[in-house]
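In: predicted model and sequence below, questions to follow.
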Amino acid sequence: MTYSFKSPPYHFTEYLSFDTVFTYKKFLNMIVGRFDLYQIEKHNSTSLTVYFPNGFFEIKLTEKGDDIRFEFRLKSKCTKKGKEMKEQVLKVNEFVNRIVIAECDS
């Protein structure tokens, strides 16, 4: 018998940014609230991993400076579930960006 392991068929990596660390932490808090039914592993105050059926995604701060940059990396064995989770995380990112813009306009 031969066993072989193939890497997950769906990989996604994107680098996103916010203006401040406060906004980034607000984003992480909203991710934890959105995915509270899944297993969440907080590595420190600036990164976390969320495990979902057949995959996981990681969010971690990669660069500090004028522009707060973070990496969103997702791996899933199921392409459909991977794309669904990706869209949910990106919607939270868009929502946080809209909140920040609305706060600045006020």
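Out: Thanks, I have the structure now.
In: let me know the average pLDDT across whichever strand or helix holds Leu90.
Out: Using DSSP states H and E, Leu90 sits within helix 79-105. The average pLDDT for helix 79-105 rounds to 89.
In: same question, stretch 40-58
Out: Mean predicted confidence for stretch 40-58 is 92.
In: residues in contact with it?
Out: Stretch 40-58 is contacted from outside by 8, 10, 21, 24-25, 28, 31-32, 35, 38-39, 59-61, 71-78, 81-82, 85-86, 89, using C-beta atoms under 8 Å, 6 or more residues apart in numbering. Heads up, the C-betas are built off the backbone N, CA and C, glycines and all.
In: selection in PyMOL covering whichever of these are buried, please.
Out: Here is the PyMOL selection string for the buried members of these, based on 16 or more other C-beta atoms under 10 Å:
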select buried, resi 10+24+28+31+35+59+61+72+74+75+76+78+82+85+86+89
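In: mind checking which of the contacts of stretch 40-58 land in strands?
Out: Members of the contacts of stretch 40-58 lying in strands (criterion: DSSP state E): Tyr10, Gln39, Ile59, Lys60, Leu61, Glu71, Phe72, Arg73, Leu74, Lys75, Ser76.
In: looking at pLDDT only, which of those residues scores worst?
Out: Tyr10 (86).
In: measure that one to Ile99 for me?
Out: Per C-beta to C-beta, to the nearest Å, Tyr10 is found 29 Å from Ile99.
In: what residues are up against Ile59?
Out: Ile59 neighbours (C-beta under 8 Å, 6+ apart): Leu28, Ile31, Ser47, Leu48, Phe70, Glu71, Phe72, Arg73, Val89.
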